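> quick one: sequence and predicted model below, then my questions.
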Amino acid sequence: MRIGIDFGGTNYKLGLFSSEGEMLKFEERKVLDLTLEGDLLLNLIDSVKEFCGEKKITQGGFATKGLVNSFTGMLEEDIGIANLFSGRNIRDEFSKALNAPFVVDNDARAYAWGEWKFGAGSGSQSMVCMTLGTGLGCALILDGKPFRGSDPVGGLLGGHISIDRNGPECVCGNTGCLEFYCSATGLIKAVKDEFTEFKKHDDVLPLYFEEYSRNKKKYEKVLKEFNNNLAIGIVNVIHAYGPDTIVIGGGVIKSADYFLDDVISLVNKKAWTVPRGKVKIKTSKLGNKAAVIGAAFLPKPK
Ligand SMILES: [Zn+2]
């Protein structure tokens with residue numbers, strides 16, 4: 001039996017899978033509960049052991065945001081809570097505690113692997129997955145393998161393509177990164193900056209899309225900018241990696257009906273593919289479970 005762990009800033013997800021990929025158990029737990037006392041990583045390992053119970057684990061995978069190096073098993077750099085893992089060998093500590101081989105990787109790469117193996121990327125030879133969430137994750141599956149390049153940054157290009165050299169300064173060191181404009185966080189900021197009526201709301205995007213569907217003329221400005229920016233990001237990724245499929249994931253895709261067709265037609269105009277329009281652009285099939293299943297099935301780096 002395999003275990004997958006998808007560690008986020010607020011929640012972490014745990015999944016148990018048969019060797020064929022059937023999900024046998026799934027839970028989402030709060031990161032905050034791990035931080036009340038003691039050591040975050042040891043508390044997480046205890047939580048995973050409790051989740052697995054008596055089940056014999058044959059392989060495990062741990063996915064987290066940040067620059068995690070799958071070759072060494074260490075988190076190299078991050079901001080926020082996952083930085084508490086810095087300097088620890090996450091892979092070795094999990095392997096020892098669960099008595100099974102473990103792979104650790106970036107969460108976007110695990111998400112991409114899940115989609116390629118069991119979801120929207122099935123059958124693709126080379127696929128890029130972009131997740132539009134708190135940040136903008138990106139990963140490449142090349143010739144049926146997760147591309148790790150010079151880990152940890154291999155294939156993570158998407159979120160940190162600069163689309164405005166005069167844009168805001170990013171944590172990566174560059175300016176005007178795509179993540180500022182096309183993550184869920186970026187879209188929410190743009191909506192709130194442009195339309196003050198959304199300022200006080202917590203769950204802005206469903207409201208915004210509802211209003212947009214009623215009055216396109218009034219609300220289209222922000223979405224047009226978003227679509228154009230996302231299309232430019234996707235075109236850059238196509239030109240860099242030459243994938244046959246792009247999978248778009250993350251919370252924003254719940255509203256994909258409002259923007260995906262427009263993004264696809266912009267990409268088809270801008271991307272220099274032969275013939276134009278040959279790259280398939282799809283939304284995620286596995287949604288918020290993609291990274292947890294991907295983590296459980298990630299191949300070991302060489
Ligand atoms: Zn950046």
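Structure's in. What do you need?

> CA atoms for contacts and neighbours, from now on please.
OK.

> which strands or helices does whichever strand or helix holds Ile5 pack on?
Assigned by DSSP states H and E, Ile5 belongs to strand 2-7. Here strand 2-7 touches strand 11-17, strand 59-64, helix 290-297, going by 3 or more C-alpha pairs under 8 Å, 6 or more residues apart in numbering; DSSP states H and E.

> the ion contacts on the stretch 151-300 of the chain?
Residues of the stretch 151-300 of the chain lying near the ion by C-alpha under 5 Å from the ion: 160, 170, 172, 177.

> cutoff 6 Å now
For the stretch 151-300 of the chain, the contact set with the ion under C-alpha under 6 Å from the ion comprises 160, 170-172, 174, 177.

> narrow these to just the buried residues.
160, 177 (16 or more other C-alpha atoms under 10 Å).

> just the residues of the stretch 151-300 of the chain next to the ion: which are in strands?
Within these, no residue falls in strands by DSSP state E.

> of the residues of the stretch 151-300 of the chain next to the ion, which is the nearest to Val31?
Val171 (22.9 Å; C-alpha to C-alpha).

> which regions of the stretch 51-200 of the chain lie under the pLDDT threshold?
79-83 (pLDDT under 70).

> which stretches of it form strands?
Applying DSSP state E, counting those that start in this stretch to the stretch 51-200 of the chain gives strands spanning 59-64, 67-69, 74-77, 102-106, 127-132, 136-142, 145-146.

> the ion: which of those strands is closest?
Closest of the strands of the stretch 51-200 of the chain to the ion is strand 136-142, at 9.6 Å (criterion: C-alpha to the ion).

> from Glu211, how far off is the residue most central in space within the chain?
By C-alpha atoms, centre = their mean, the chain has its centre lying nearest to Ala108, at 3.5 Å. Remark: distance between Ala108 and Glu211 (C-alpha to C-alpha, to the nearest Å) = 31 Å.

> show me what contacts Ile5?
For Ile5, the contact set (C-alpha atoms under 8 Å, 6 or more residues apart in numbering) comprises 12-15, 60-63, 292, 295-296.

> can you give me the pLDDT of it?
pLDDT recorded at Ile5 is 98.

> tell me how the chain divides into domains.
2-110+290-297, 124-284 (automatic domain parsing).

> okay, these in a markdown table with distance to Trp116 next?
Shown next, in a markdown table, are the domains of the chain (distance: least, C-alpha to C-alpha, whole Å):
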| stretch | distance to Trp116 |
| --- | --- |
| domain 2-110+290-297 | 9 |
| domain 124-284 | 7 |
